[in-house]
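Q: Okay, sequence plus prediction incoming.
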Amino acid sequence: MDQVILDIKNVCFRWKNSGSLLLNLPEFKIEKHEHVFLQGPSGSGKSTLLGLVGGILVSESGTLKVLGQDIQNLSRSGRDSFRVDHIGFIFQLFNLLPYLSIEENVMLPLSFSSIRAKRAGRTKIDQFKEAKRLLKALALEEQLAKKSPVTELSVGQQQRVAAARALIGNPELIIADEPTSALDADLRHSFLELLFGECKKAGSTLLFVSHDSTLSDLFSRKISMDEINNNVN
Ligand code: ADP
Ligand code: MG
């Protein structure tokens, strides 16, 4: 039987100061090695859902299991360490740190997760080599290494750094929140192929969220917010 990576049951969420439910999710499951494309218009609650899956937000009811662990039963710091150990996040705006080098940005999760550090390499040098390998595999040219990750890289290049940072140390679940929205069609396609290849190598499952369905054919499953969200507004 395939392992269930994400198992959501009866999860309801509303933002404080908003009377209405934004999310009412009777059931949503993702199994190991799936590449799931979750589509929904802007404002439909995709980023909020990813915040719940990552344990940044907590719902008002229901269970939300990641790798069998109900993360909503963990303390805030428990959720933070669970996230960095098991989930690689690629944000829409990448959140790269300008005062770190490209490789240091990629290696950042390893300073917060000993599990991922061990998987990335036995020594710091091995971990640095793994960061370089990922950057190369994601087609970031070597000569860029000395540049500042934020001010001197193009959007497409920053995205590759952010993806390498999410992938390093093989987290079980990769979550991507509209990471391709600023790219043109050719770049989006090639980026996704590289991302899929590295997810496969790492044994990671992928949950990819976007308002733009043109990429969905590349994924093993496509689902839309209105199929899983039963909120009645
Ligand atoms: P999507 O990612 O699909 O565009 P979001 O999850 O970002 O949607 O937003 C869904 C709804 O939740 C929107 O109406 C938005 O205004 C609201 N929302 C998002 N973030 C916050 C927040 N931090 N506080 C209050 N409301 C929020
Ligand atoms: Mg969003």
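A: Sure, I can see it. Ligands and ions are numbered 1, 2, ... in the order given.
Q: how close does Asp177 sit to ligand 1?
A: 7 Å (C-beta to the nearest ligand atom, to the nearest Å). (C-beta placed from N, C-alpha, C; glycine too.)
Q: same deal with Leu215?
A: With C-beta to the nearest ligand atom as the criterion, Leu215 and ligand 1 are 16 Å apart.
Q: Below-threshold pLDDT in this structure: ranges please.
A: 1-2, 232-233 (pLDDT under 70).
Q: Might you report the residue contacts of Leu25?
A: Ile8, Asn10, Val11, Cys12, Leu49, Gly62, Ile228, Asn229, Asn230 (C-beta atoms under 8 Å, 6 or more residues apart in numbering).
Q: correction: Asp7
A: The contact partners of Asp7, taken as C-beta under 8 Å, 6+ apart, are Lys29, Thr63, Leu64, Lys65, Val66, Gly68.
Q: which pair in the contacts of Leu25 spans the largest distance?
A: Longest distance between any two of the contacts of Leu25 is 14.1 Å, between Asn10 and Leu49; criterion C-beta to C-beta.
Q: Of the contacts of Leu25, which is the nearest to Ala164?
A: Nearest to Ala164 among those, with distances taken as C-beta to C-beta, is Leu49, at 24.5 Å.
Q: Beta-bridge partners for the residue nearest to that closest one when sequence neighbours are not counted, please?
A: Leaving out its chain neighbours, the residue that sits closest to Leu49 by C-beta to C-beta, 6 or more residues apart in numbering is Leu23, at 6.2 Å. Beta-bridge pairing of Leu23 under DSSP bridges involves Phe13.
Q: Burial check on Leu23, number of neighbours?
A: 25 (other C-beta atoms under 10 Å).
Q: Tell me which residue in the protein sits closest to ligand 2.
A: Distance from ligand 2 to each residue of the chain (C-beta to the ion) is smallest for Ser47, at 3.2 Å.
Q: who touches that residue in this structure?
A: Shown in contact with Ser47 (C-beta under 8 Å, 6+ apart): Gln92, Asp177, Val209.
Q: Wasn't it part of a helix?
A: Yes. Counting by DSSP: H, G, I helix; E, B strand; the rest coil, Ser47 is part of a helix.
Q: Just give me how far stretch 47-59 sits from the chain centre.
A: In this view, stretch 47-59 has its centroid 12 Å away from the chain centroid, taken as C-alpha atoms, centre = their mean, to the nearest Å.
Q: Which positions in that stretch come out as buried?
A: Buried residues in stretch 47-59, defined by neighbour count with 16 or more other C-beta atoms under 10 Å: Ser47, Thr48, Leu49, Leu50, Gly51, Leu52, Val53, Gly54, Gly55, Leu57, Val58, Ser59.
Q: and what of stretch 202-213?
A: Buried residues in stretch 202-213, counted by 16+ other C-beta under 10 Å: Ala202, Ser204, Thr205, Leu206, Leu207, Phe208, Val209, Ser210.
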